[in-house]
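Colleague: have a look at this prediction, sequence included:
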Amino acid sequence: MTVPRGPADSSRVPRFAGPATFARLPRLDEVGHADVAVVGVPFDSGVSYRPGARFGPSAVREASRLLRPYHPGLDVSPFAAMQVADAGDIACNPFDIHEAVETIDEAASGLMEGGTRLVTVGGDHTIALPLLRAAARRHGPVALLHFDAHLDTWDTYFGAEYTHGTPFRRAVEEGILDTEAVCHVGTRGPLYGKKDLEDDRRLGFGIVTSADVMRRGVDEVAGALRERIGGRPLYVSVDIDVLDPAHAPGTGTPEAGGLTSRELLEILRGLTGCDIVGADVVEVAPAYDHAEITSVAASHVAYDLISLLALKEER
Ligand SMILES: N=C(N)NCCCC(=O)O
Ligand SMILES: [Zn+2]
Ligand SMILES: [Zn+2]
């Protein structure tokens, strides 16, 4: 039997028919081994404000039905260049965050055996910590590009160490990030105090704010990021709230003054040549969405990340 590859043929099966996998790709159990697996983590017990990101993975899969096989901006057909499959969802405990973090780490590590790279769809930002642990176990401390309205380097909320506002402080404490190359992109909005920024700087992070992107432009920003990252193994974490609420209303902690989806996609496309070892797209909360604005944006972000991985495969 031939192993399926790439999306179902949309001239034979309408895009809107059948159960949703990401981009109508085959399931991992149908292909055996994948170069890249898209995996959902329907977990949102770490949120500090609006809940609902547990429904992100299924919303992003639904919104990804219209993605097409060729990426003109990057000149690549990602699903032809490599085997990309949908690994389904990691089922984790919604009542016990510590257990969920362990489950995500173990499941991600299992999926990465044999060299599969993961593009994970959340879920709230808590999940980045176990995903980084799994990435670092395989690659050593990784460089991090973190697209977000928020720093997510706060210490604790209500005494809790694992929340969607704290994954990157934990990651630095654990030594799983290469702090020579860790950077937030798109941050903005009110903070708890000036100390948030001082702590963040002390942890090693660079910041390109949302306003910096507007003033400097996407090409200059992407060039500077590329230079800082160099040849290091790179993890890319995209909190969809990096986008302006006009471009991504369906999220839990929206902040005015964000990136456009065009700016975000163009910065990502500027990362060609970086050694991306894993990525996530998190914080899509479909209950606050309209007309799939947010889940369509997230599906395109995931598609661009997969396309960058495909370019790496082609070289
Ligand atoms: N959306 C994420 N990941 N974090 C937001 C935390 C903001 C706060 O609770 O103040
Ligand atoms: Zn955020
Ligand atoms: Zn975040």
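Modeller: Looks like it arrived, so ask away. Ligands and ions are numbered 1, 2, ... in the order given.

Colleague: which other residues reach the longest strand belonging to the chain?
Modeller: In the chain, ranked by residue count with DSSP state E as the criterion, the top strand is strand 177-187. Outside of strand 177-187, the residues that reach it under the criterion C-beta atoms under 8 Å, 6 or more residues apart in numbering are 132, 136, 140-151, 168, 171-172, 200, 203-210, 213, 221, 225, 228-230, 232-234, 242, 258-259, 264, 267. Bear in mind the C-beta positions are built from the backbone N, C-alpha and C, glycine included.

Colleague: among the residues you listed, which ones are buried?
Modeller: 132, 136, 141-151, 168, 171-172, 200, 203-205, 208-210, 213, 221, 225, 229, 232-234, 242, 258-259, 264, 267 (16 or more other C-beta atoms under 10 Å).

Colleague: okay, and which of those residues map to helices?
Modeller: When helices are assigned by DSSP state H, the members of the buried ones among the contacts of strand 177-187 inside them are 132, 136, 168, 171-172, 200, 203, 210, 213, 221, 225, 229, 264, 267.

Colleague: what is the nearest of those residues to Asp289?
Modeller: The shortest approach to Asp289 among those belongs to Leu264, at 16.8 Å (C-beta to C-beta).

Colleague: that closest one reaches Phe147, doesn't it?
Modeller: Yes: assessed by C-beta atoms under 8 Å, Leu264 is found in contact with Phe147 at 6.5 Å.

Colleague: the strands in the chain, which residues?
Modeller: Under DSSP E, the chain gives strands at 36-41, 84-89, 117-122, 142-147, 177-187, 206-209, 233-239, 275-282.

Colleague: hmm, back to that, out of the ones in helices among the buried ones among the contacts of strand 177-187, the closest to ligand 1 would be?
Modeller: Ligand 1 lies nearest to Phe168 out of those, by C-beta to the nearest ligand atom, at 9.6 Å.

Colleague: so how far is Ala135 from the closest one?
Modeller: According to C-beta to C-beta, to the nearest Å, Phe168 and Ala135 sit 13 Å apart.

Colleague: quick check: residues of the protein near ligand 3?
Modeller: If contact is defined as C-beta under 5 Å from the ion, the residues of the chain in contact with ligand 3 are 125, 148, 150, 152, 239.

Colleague: let me know the pLDDT of the fourth one.
Modeller: Looking at Asp152, its pLDDT reads 98.

Colleague: where does the stretch 151-300 of the chain dip in pLDDT?
Modeller: Low-confidence regions of the stretch 151-300 of the chain, defined here as pLDDT under 70, do not occur.

Colleague: ligand 1 contacts on that one?
Modeller: Taking C-beta under 6 Å from any ligand atom as the criterion, the stretch 151-300 of the chain approaches ligand 1 at residues 152, 164-165, 239, 241, 252-253, 283.
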